[in-house]
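A.B. asks: the following comprises the amino acid sequence and a computationally predicted model.
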Amino acid sequence: MLQDCCTLAEADGLRDTLCALAAYPEPVILDAAAVQRVDTAALQLLAAFVRDRRLAGRTVRWQTPSPALEAAARLLGMDSMLQLDGAAR
Amino acid sequence: MTVDLTQFHEAFFEESFEALDAMEAALLKLDVGAPEPELINTIFRVAHSIKGGSATFGFSEIASFTHSLETLLDELRSGTMPVTPEVSDLLLKSVDVLRAMLRAMQATRPIDAQRVSDLQFDLEVVIARKNAPLAAPAREAPATPCAADETPPVWQVRFRPYRELLARGNDPLRLFRELGGLAEVRVQIDAQNLPPLADIQPQDCHLAWTLEVAGRISEEEIRQVFDWAEGDCELLIQRAPAEPPGRAPAPTAAPNPAPARDDTPATPASTPVGEPPAKPESTLSALGDSGSIRVSVEKIDELMNTVGELVITQAMLSQLGGQFEGPRAEQLRAGLVQLERNMRELQESVMRVRMLPISFVFSRFPRMVRDLAHRLGKQIELKLSGEQTELDKTVLEKIGDPLVHLVRNCIDHGIESPERRAAAGKSAAGTVHLDASHRGGNIAVEVSDDGGGLDKSRILAKARDRGLVGPNDVLSDADIYELIFLPGFSTAEKTTDLSGRGVGMDVVRRNVKELGGKIEVGSESGRGSRFTITLPLTLAIVDGQSVAVGKEIYIVPLISIVESLQLKDAQVTRLSGQEEVFSFRGDYLSIIRMHSLFGVDPRTRALHEGLVVVVEGDGRRVGLFVDDLLGQQQVVIKSLEANYGHIDGVSGATILGDGSVALILDVPGLIHIASMRAAA
Amino acid sequence: MPASMNNHLEAAVSEESRQVLTFVLGGETYGVDILRVQEIRGWSAVTKIPHAPAHVLGVLNLRGSIVPIVDLRMRFALGRAEYTGITVIIVMSVVTPAGRRDIGVVVDGVSDVVDLDCTEIKPAPELGAGGATDYILGLASITDRMVVLLDIDRLIGRDLSAMAGAAGETHDAARPGVTADPAAPPPGPGAPAADAA
C-alpha cells in the first residue's frame, strides 16, 4: 500500500520498501488509492520497480490507483511504462 | 535521507539578486512609449522565476508580490497596456522592494510589510485602471498578430534534466502541467538511463523527455515554462516536421484554459512508449546550457590557498635542486624548471577563476545617476567604458562604495545646473564618465566629469579656516587637491543629503588603501575633474620588492615604490638634529630608518652604505632606509591577523622560497607612524 | 581568589578525567589539555615582529599559516634559553577575546601524555599577589612529580589580544645610531616582567 504523499521527501522510504519487494516471488499488488500527492522522484522509483519486476518475469498489479497518481503518470508519459493501463479500479 | 530545502535558499537568493540586476538594467533601457519586446520579456522572466522560486521555498510574501508584478508585466508584454513613465517608475520601485524582501528573507529578518503592500496596491491600481474601461477581460480575445497563421506550429521539445534537477526543487511534473495549460502536449519518456531500482538515488533524476507541443504558443513561451529549470537541464526546442511522423494519434483532450491543479488532471496523454528513439547525444550536449557552473567562493579560496602552498613548495624544491650534483642533476633541474612553469600557469588559471568583469559594479550606476540627476534637477549623461575589465571578486566587492561616493560627488558638486552650464557655453547635460582599464599589473578605474572642476580657492580657504594650512603657506595645485582627502573635509556649499556629511574623500581613500590601491585627483577649472583609482588585480598576490634589514627580509609593494637610490651623507640634512631629510626632485623627504623603526640590528647604520627606497602613500613620499635590495617577486599574501593581530606599518606576511616568513610593509601606515613620531 | 577562578575549577572537575600533555620548563612540569594541542614541532628560526612584547619571539610558517611563537620561559620570567635543535614548539589553539588563534609555545621539552583523574586536581594555593597565578587551573601529582595545569586561554590568549597593535610609536628611533629596544614587556596585570636574564 502506498501512502497518501509520495514525493521526494518520502522517496528514500519508498525506495527501501520497493527494494524489499523487488524479489518477492508472488505478484505484487500496489494499492495506490490513497495517493494524493506524487512527484517525479517517486514515479521514477515506481517506474524502475515495475520495469525491474517485468524484466525478471515477475508481475506488478495496481489496485485502484488514485486520480492524482494516474494524472501525474500521464503527464510524464509514464502511464504505459508503469503498466497503469490495465489497472483494476 | 530527507532533502532540506534550506540548502537551496542561498542559491535562490543569489540567483534572484542577479536576476533583479538584469531586470533593473532592462528597465533602464526600456523606452517609454516604444518598448522593445525582448526587454519586456527579460523583465517578465525575472519576475516569473522569482515567483516560482519563492513559491517553492514558501516565501509567500514574495510570491504574492511577484504575482501582482507579473500580472502587470503580462499586460505590458501583450501590448494591452502602454509603458508609461509611471509604470516604469513603479517597476523600478518593485525591483527595490523585491531586493529588500529577499535581503530580509536571507537575513531572516521581518519584511517591511507596509512598504510591500503599499507598492502592491499601487501595482494593482494600475492594472485595475487599465481593465476598468474595457469591461470585458481582454484575454478572451486572442488578438494575437499571428492569427493569420492557420496551422499553428508543432514544437519538438527535448528536455533532458541533469541529475540535480529534482534536488533543486524542480519537478518536471509541474513544468509539463504548466505547458499543458498553454498548449496541446504529447509526452514521450526516455527511461533508457534509468538504473536498476536498488541503484537509484531518489533525489537524482535519470529520466528524459521529448515533448510535442502544438497550439498557439511561441518558442519563447515554451522557454519561459522551462525557465525555472534553466541551468539544471538540457533543453532543445525546434519546429517539428509539419506532419508528425507515423505515430498512432494518441487520444488527447483539449488543452485546459488555465494551468491545471492536482485534482483536475490536465489533458495530454502520451503516445505509447516503445523503445525511445535513439537521439543523437551530441546535438543535445552541444546545445546545452552556457557551460558555466556556480561554485562557492570558499571553494575557490581553498583552491587558491593550496596553490599558494604549492608555489612555496615548488620554490623550495627549485632552491634545493640547484644544490644537487651528479649525472642526473641536470635531469632533475629540467624537471624543476618545467614544474615551475606549470605552477605559474596553474596559479594564473586559479586566479582567473576569481576574476569578474567590473560591469558587475558599473551596472548599478545608470539607476543611481538617473535618480540623483532627477532629484537635483540636473541633466546628466553617464558614460561607461571598459566594463569588461576583470578584477578580483574581493576587490570588486569593496570598490563599489568608493565609486558610488565619487560618482555622487561628481553629480552633486562637479556637474553644474543646466542654467549655469548654458551660461558657461556648455551643453545642458553634463557627462559623468566611468572607465576601467589595465595599466601594467594594475587596474585603473577613472571617474571623471565635465563639470566645473575643483574650486582651488575655496578648498584653500576652507583648509585655512580649519587650520589645516598655515595662512602664508604656498601650495601647489596638487597639494591643494590633496587637501580634500583629509578627514572631515567637505567642500559642499550647502549640505545636501547626498554628500557633505563629513564622511568624505578620506573614507574613499581609506577604502582604496585597504585594497592596496591608491587614488589620485586631477582637475581643470571649468573643464571638470578626474579621480583615478589604481588597484592591484588581486588581493591574494602582490608584486613586491624584497629588501634586507639585518637578518630580516621585508617586502615593499612595487605599487608604492617611486625609486631607489643611494644617498651621500652630504645630501642629508638633519632638522633640529633629529629628523633626517633629503632632497628628491625638488621636494624634501624624510628618511625612515627601518632598522630603528622595527627594532632590528642592521648591517649598517651609515646612510651611504645602505639604500633609500623612495615610497609613496597617501599622496606623501618618504625614503625608507634599508641595508640592501634583494629581488623582485610576486608573493602570496598571508594574514597576520588570523593568529596574531594587526601590526602598525605591516599589511601582512608572506612565505619565502625557503619556508621562512617575511613581513609585507604597509607604506601608508609607515608614513603615518613616521609623521606621528615627527609630531611628537 | 576571585569567584571566576572557582567556576573554572568546577568546570574542570565536572569531567571525570582528562588527558594532559605535560612538558618541562625551567625544571617544573606543566600540563595543558591535550585537546588544545595541534602539533609538536622542532625549533626553526622565526621572523621577528616589530613592536612585539619580548616573550613573543616572532612568527613561523606552519603549513601555510602564519603562527606567532611565544617563549613560556620569558613569559614566566625564567630567563632566556638557547634555542637549539632539541628545542620544542607546542602548537596549541587558544581562545582569545578576538577568537580562536593558533599559537606556538616554546618549551624545554615535552614529557608525555597522562590521564588525570579530575579529583586529583587541586586548586593552586592563593599567593599574595592576586592575579599573578590566575592562569593556573590547578595542581596535580603524577607519581612523584607535581604538574601545574595551565589555563592557556588566560595565560596567552588574554595578552595576545593586547600585544598586537598595543606597541606603537614608543621607540626612540629618530636619532640615528640608536637601536630601539623592542623588548618592552606588555602592560597590564598578569604579565610579569620579561627577560630576567
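C.D. replies: Here it is on my side, so go on.
A.B. asks: in chain A, which helix or strand is least confident?
C.D. replies: Lowest by mean pLDDT, DSSP states H and E among the helices and strands of chain A is strand A:5-6, with a mean of 64.
A.B. asks: what's the first helix or strand after that strand?
C.D. replies: The first helix or strand that comes after strand A:5-6 along the chain, using DSSP states H and E, is helix A:11-22.
A.B. asks: packing partners for that next one?
C.D. replies: helix A:40-55 (3 or more C-beta pairs under 8 Å, 6 or more residues apart in numbering or on different chains; DSSP states H and E). Just so you know, the C-beta spots here come from the backbone N, C-alpha and C atoms, and that holds for glycine as well.
A.B. asks: which residues does the residue nearest to residue C:41 when sequence neighbours are not counted contact?
C.D. replies: Of all residues not flanking residue C:41 in the chain, residue C:89 sits nearest, at 5.2 Å (C-beta to C-beta, 6 or more residues apart in numbering or on different chains). Residue C:89 makes contacts with C:40-43, C:60, C:69, C:104-107, as judged by C-beta atoms under 8 Å, 6 or more residues apart in numbering or on different chains.
A.B. asks: can I get these in TSV with neighbour count and secondary structure?
C.D. replies: Shown next, in TSV, are the contacts of residue C:89 (neighbours: other C-beta atoms under 10 Å in any protein chain shown; DSSP: H, G, I helix; E, B strand; the rest coil):
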residue	neighbour count	secondary structure
C:40	15	strand
C:41	13	strand
C:42	10	strand
C:43	16	coil
C:60	23	strand
C:69	23	strand
C:104	26	strand
C:105	25	strand
C:106	22	strand
C:107	22	strand
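A.B. asks: now chain B against chain C: closest residue?
C.D. replies: residue B:645 (2.3 Å; C-beta to the nearest C-beta).
A.B. asks: so that residue, which of the three states?
C.D. replies: Look at residue B:645: counting by DSSP: H, G, I helix; E, B strand; the rest coil, its state is coil.
A.B. asks: what's the neighbour count on it?
C.D. replies: Using other C-beta atoms under 10 Å in any protein chain shown, residue B:645 has 20 neighbouring residues.
A.B. asks: where's residue B:530, which helix or strand?
C.D. replies: Residue B:530 is located in strand B:528-536, with elements delineated by DSSP H and E.
A.B. asks: shouldn't the residue of chain B closest to chain C be in contact with residue C:96?
C.D. replies: No: with contacts counted by C-beta atoms under 8 Å, residue B:645 stays clear of residue C:96, the gap being 9.1 Å.
A.B. asks: what residues does chain A put near chain B?
C.D. replies: Residues of chain A lying close to chain B by C-beta under 8 Å from any C-beta of the partner chain are A:8-9, A:11-12, A:14-15, A:18-19, A:22, A:36-37, A:39-45, A:47-49, A:51-52, A:67-68, A:70-72, A:74-81.
A.B. asks: only the buried subset of these, as a ChimeraX command please.
C.D. replies: Listed next is the ChimeraX selection for buried residues among the residues of chain A next to chain B, using 16 or more other C-beta atoms under 10 Å in any protein chain shown:
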select /A:8,9,11,12,14,15,18,19,22,37,39,40,41,42,43,44,45,47,48,49,51,52,68,70,71,72,74,75,76,77,78,79,80,81
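A.B. asks: identify the farthest-apart pair in the contacts of residue C:89.
C.D. replies: Of all pairs drawn from the contacts of residue C:89, the one with the longest distance (C-beta to C-beta) is C:60 and C:107, at 14.9 Å.
A.B. asks: show me the strands in chain C, by range?
C.D. replies: Taking DSSP state E as the test, the strands found in chain C are C:17-25, C:28-33, C:37-42, C:56-62, C:65-71, C:88-96, C:99-107, C:109-117, C:136-142, C:145-150.
A.B. asks: got the angle between the third one and strand C:17-25?
C.D. replies: Relative orientation of strand C:37-42 versus strand C:17-25 (axes from the mean of the first three to the mean of the last three C-alpha atoms, to 10 degrees): 30 degrees.
A.B. asks: all set now, cheers.
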